[in-house]
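[1] Prediction below, plus the sequence it came from.
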Number of protein chains: 2
Amino acid sequence: MLRYFSRTLVIFSKTRYLCVSANQSLSLPRKTPFGCLSFRFGVSKASSQSIMENVVTEHREQELLLLSASYDDFEGVIVNMKDAMDPAVFVASLRASISHWRQQGKNGVWIKLPIELANLVEVVVKEGFWYHHAEPKYIMLVYWIPETANSLPVNATHRVGIGAFVMNDKKEVLVVQEKSGKFRGTGVWKFPTGVVDEGEDICKGAVREVKEETGIDAEFVEVLAFRQSHKSFFEKSDLFFLCMLRPLSFEIQKQDLEIEAAQWMPIEEYAAQPFVQRHELFKYFSDICLAKIDGAYAGFAPISTTTSFSAKPGYMYFNTRDFNHHQKSEVEQVAKREGDRVDIDSSSHHQFLAESLRWIDQRCGDQRWLSSKANGLSLDRRGRGRVREAHMPS
Amino acid sequence: MLRYFSRTLVIFSKTRYLCVSANQSLSLPRKTPFGCLSFRFGVSKASSQSIMENVVTEHREQELLLLSASYDDFEGVIVNMKDAMDPAVFVASLRASISHWRQQGKNGVWIKLPIELANLVEVVVKEGFWYHHAEPKYIMLVYWIPETANSLPVNATHRVGIGAFVMNDKKEVLVVQEKSGKFRGTGVWKFPTGVVDEGEDICKGAVREVKEETGIDAEFVEVLAFRQSHKSFFEKSDLFFLCMLRPLSFEIQKQDLEIEAAQWMPIEEYAAQPFVQRHELFKYFSDICLAKIDGAYAGFAPISTTTSFSAKPGYMYFNTRDFNHHQKSEVEQVAKREGDRVDIDSSSHHQFLAESLRWIDQRCGDQRWLSSKANGLSLDRRGRGRVREAHMPS
């Protein structure tokens, strides 16, 4: 199911736009909280009746009271309340607006109330709205106009946590004992764990948590495994990512507030703990780490990408080892077909390889070389004396 | 950071318990919304003063008004309002309670208000509380007593989506055109996508979405990659999992509401679409699928596990191909050391192998065989004439 969801646009019709005039303020298009444009106009005032009467013959009373709103791509209506309003006036406006939106065939009605307008929560609920979600500074209420079952999307459903597998050259793993929570007083040595912050990348959250709990600087290597569980915190679901990090410093400075003790511990000793042996999930995690140490296991490594539409930065995680091998072999096959020489000494540079492959595919029949250079990789295309450089992403 | 979070218990002290008596209702311990026990006692009434005066000498007024509450492991207090209450009485109780909790050294105060008590939202906010989160039927407000910065946990931060790579034997991939959203009217053929339901496993959500949008029955194979992005829906973050599914039926019956068209399309044709070629993320996804087709790419496969403490079912996802190879090689090494014969013709049965390895480790020095049988795998231990069966998980 695609799900109804709110990406705004589509403003009031031209007819309606005519209603907004004279003494009413029509601001410039601006960003709504959904990142989209909306026009804003206040509750109509009595003095604009004369203009409106030319346009609207029925529901005159309702027209006077329509709330500022923007529409979304899913026949939804979004009311983003900003200013204080008398609850009685607000209710009258809301009723008139819903009646109007019903006639327009609208579905969902969203009302976002900043916490300063908490006095309006009760009246909105009394009109049949229910809570959709809340953040510290606002609450979002929602209503479904049609008779059909609502297809409104739920809010965020998951919390994201990380566990950090950090090992030094002596095959000692970084472990802690916690002062609170389930492990308090158990004597269990565990990997540093934590919750990814709102808006934080998993790979950055893992590095931050290790630093916060133990003072160790580390760089992110891979997601080795992950676990989804349900009915966890506030009844929400949990995604826990087991991450491998490479330590960049080794002197532990534990955080006193939450951490009872921290140390480097031989991995065998960690794995042999009865708790780890007894609990299937911990045993799996431990076995995966041991496989990783033997070089026999590929996790998902992050690479920086942009989103497809908004060009916002972010990370995608995948098996880069396999991917790179495949791309390299593709390049080699293409080169072989075309009688070219291929010389690639690094298989970890998938972006370069993917680019090279594309480039070669476009130019089949030309003579070309792929070579690795010390300060970045370059793709030399000598057929027509041109050189094309494909630098590694920084 | 471990983060403050609410796993309740710890009830009022015995002294306080004595306050609750005579004409006050003391219910049996019951489950709070946090899955923990709490006692319940109403606002004290005037007629119980005589009893209380024996116990409490100071703060008598406050004692009368204390709200029902339970405590958590993080010095937090949880008020789970159930019954209607006059707002003025409620505010007086709340103030007295906070004063009391402050003396006790408590930190966070949680108030859960069912939607029926929306009339109390405003007064709670006026006391300095802010919104923590809301679900359709309740809102949770929170307050931090100490002067220090609060360490309250955020609510769920991520929405989880899936994209489904489903290919038939003719190397045709299942694609759809959507009726709404960003892709409407673009002519782009894309994999079926969707949002995982509240409490739903990723592997089950992917199968459900494919069935809903196209009518195709499929079984889950692997997560091939995932992508984390931020400031998405309602400003929350997004985790998008690219999943591979194996089709079990092939006749498409598209869902009319959301899907404009659906078909099986040659993978090369899908990959060659300008949209896919132009957008880095889609190009990566497409290249990963192509690598997978060539058998050159291992994703994360799900296996059913239980959580470590509560034994709740769930799934963990990891590179089972690499893991199994490693476990097999471990088994072989152990066997070699011990002069045993090992015969394993399947490397995809990690649970069996892990179990076998453990079993062998426990019994080093015995003679044993590992063999694959048609109807499941069995581990034959012939040293003492015993046979141990380790069936595959269904």
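    Done, it's in.
[2] For residue A:156, give its distance to residue B:136.
    For residue A:156, the distance to residue B:136 equals 14 Å [Cβ to Cβ, to the nearest Å]. C-beta coordinates here come from the backbone N, C-alpha and C atoms, glycine included.
[3] which parts of stretch A:265-274 are buried?
    By 16 or more other Cβ atoms under 10 Å in any protein chain shown, the buried positions in stretch A:265-274 come out as A:267, A:270-271, A:273.
[4] thinking again about what came up before, so which of residue A:156 and residue B:136 has more stuff around it?
    Comparing residue A:156 with residue B:136 by other Cβ atoms under 10 Å in any protein chain shown, the one with more neighbours is residue A:156, at 25 against 14.
[5] residues contacting that one?
    Counting by Cβ atoms under 8 Å, 6 or more residues apart in numbering or on different chains, residue A:156 touches A:133, A:236, B:155-159, B:233-234, B:236-237.
[6] Out of the residues you listed, which comes closest to residue B:187?
    Minimum distance to residue B:187 across these is 24.8 Å, recorded for residue B:233 (Cβ to Cβ).
[7] hang on, the earlier thing: the buried residues of stretch A:265-274 into a markdown table, with extra columns for secondary structure and pLDDT?
    What follows is those, written out as a markdown table (DSSP: H, G, I helix; E, B strand; the rest coil; pLDDT from 0 to 100):
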| residue | secondary structure | pLDDT |
| --- | --- | --- |
| A:267 | helix | 95 |
| A:270 | helix | 96 |
| A:271 | helix | 93 |
| A:273 | coil | 94 |
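[8] isn't residue A:75 right next to residue A:107, touching?
    Yes - contact status for residue A:75 versus residue A:107: in contact at 4.5 Å, counting by Cβ atoms under 8 Å.
[9] Looking at those two, which has the bigger crowd around it?
    residue A:107 (20 against 17).
[10] mind checking how far that one is from residue A:225?
    Distance from residue A:107 to residue A:225, by Cβ to Cβ: 40 Å.
[11] How about residue A:113?
    In terms of Cβ to Cβ, residue A:113 sits 42 Å off from residue A:225.
[12] Neighbour count: the two, which is higher?
    residue A:225 (27 against 22).
[13] so which helix or strand takes in the more buried one?
    Assigned by DSSP states H and E, residue A:225 belongs to strand A:218-229.
[14] And that strand, what's buried?
    A:218, A:220-229.
[15] And the helix or strand containing residue A:100, what does it pack against?
    Using DSSP H and E, residue A:100 maps to helix A:87-103. Using 3 or more Cβ pairs under 8 Å, 6 or more residues apart in numbering or on different chains; DSSP states H and E, the elements in contact with helix A:87-103 are helix A:60-65, strand A:77-80, strand A:108-114, helix A:121-126.
[16] Give the next helix or strand downstream of the first one.
    I take that to be helix A:60-65. According to DSSP H and E, the helix or strand after helix A:60-65 is strand A:70-71.
[17] Parallel or antiparallel, which strands does that next one pair with?
    Take DSSP bridges as the rule and strand A:70-71 pairs in its sheet with strand A:77-80 (antiparallel).
[18] pLDDT of the strand it pairs with, averaged?
    Averaged over strand A:77-80, pLDDT sits at 95.
[19] same deal with stretch A:210-228?
    97.
[20] Is that stretch positioned near chain B?
    Yes - contact of stretch A:210-228 with chain B (Cβ under 8 Å from any Cβ of the partner chain) involves A:212-213, A:224-228.
[21] And for stretch A:276-292?
    Yes - using Cβ under 8 Å from any Cβ, stretch A:276-292 reaches chain B at A:279-282, A:284, A:287-288, A:290-291.
[22] In that stretch, which residues are buried?
    Within stretch A:276-292, the residues that count as buried by 16+ other Cβ under 10 Å are A:276, A:279-292.
[23] Same question for stretch A:148-163.
    In stretch A:148-163, counting by 16+ other Cβ under 10 Å, buried: A:151-163.
[24] End to end on it, go ahead and measure it.
    44 Å (Cα to Cα, to the nearest Å).
[25] Show the model's pLDDT score for the residue nearest to residue A:225 when sequence neighbours are not counted.
    In space, and not counting its chain neighbours, residue A:225 is closest to residue B:318: 3.6 Å by Cβ to Cβ, 6 or more residues apart in numbering or on different chains. Looking at residue B:318, its pLDDT stands at 96.
[26] Just the buried residues of stretch A:276-292: which are in helices?
    Of the positions in the buried residues of stretch A:276-292, A:276, A:280-292 sit in helices, assigned by DSSP state H.
[27] Of those, which is the nearest to chain B?
    Closest approach to chain B among these (Cβ to the nearest Cβ): residue A:291, at 3.9 Å.
[28] which two in the ones in helices among the buried residues of stretch A:276-292 are spaced the farthest apart?
    It's A:280 and A:292 that sit farthest apart of these, by Cβ to Cβ, at 18.6 Å.
[29] And the helices in chain A, which stretches?
    A:14-19, A:49-55, A:60-65, A:87-103, A:121-126, A:202-214, A:267-272, A:274-278, A:280-293, A:320-338, A:350-362.
[30] List of residues touching the fifth one?
    The one in question is helix A:121-126. By Cβ under 8 Å, 6+ apart, helix A:121-126 touches A:87, A:90-91, A:94, A:111, A:113, A:139, A:141, B:115, B:118-119, B:121-122.
[31] Buried subset of the residues you listed, written for PyMOL?
    Those of the contacts of helix A:121-126 that count as buried under 16+ other Cβ under 10 Å are selected in PyMOL with:
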select buried, (chain A and resi 90+91+94+111+113+139+141) or (chain B and resi 115+118+119+121+122)
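[32] And the furthest pair within the contacts of helix A:121-126?
    So for those, where distance means Cβ to Cβ, the most widely separated pair is A:90 and B:115, at 18.3 Å.
[33] Low-confidence bits of chain A, can you list those?
    Chain A contains residues with pLDDT under 70 at A:1-64, A:307-311, A:334-394.
[34] Can you pull the domain assignment for it?
    A:9-144, A:158-293, A:319-387 (automatic domain parsing).
[35] if I look at residue A:276, how far off is residue A:269?
    10 Å.
[36] and if you look at residue A:211?
    Relative to residue A:269, and taking Cβ to Cβ, residue A:211 is found at 24 Å.
[37] ok, now residue A:214?
    Distance from residue A:214 to residue A:269, by Cβ to Cβ: 17 Å.
[38] Would you enumerate the residues in contact with residue A:277?
    Counted by Cβ under 8 Å, 6+ apart, residue A:277 has contacts A:271, A:283.
[39] Quick check: the gap between it and residue A:183.
    Distance from residue A:277 to residue A:183, by Cβ to Cβ: 16 Å.
[40] now do residue A:221
    25 Å.
[41] Check residue A:145 too.
    Relative to residue A:183, and taking Cβ to Cβ, residue A:145 is found at 49 Å.
[42] what does residue A:99 give?
    Relative to residue A:183, and taking Cβ to Cβ, residue A:99 is found at 57 Å.
[43] and if you look at residue A:306?
    Taken as Cβ to Cβ, the span from residue A:306 to residue A:183 is 39 Å.
[44] More neighbours: those two, which one.
    Using other Cβ under 10 Å as the criterion, residue A:306 and residue A:183 rank with residue A:183 on top: 18 against 14.
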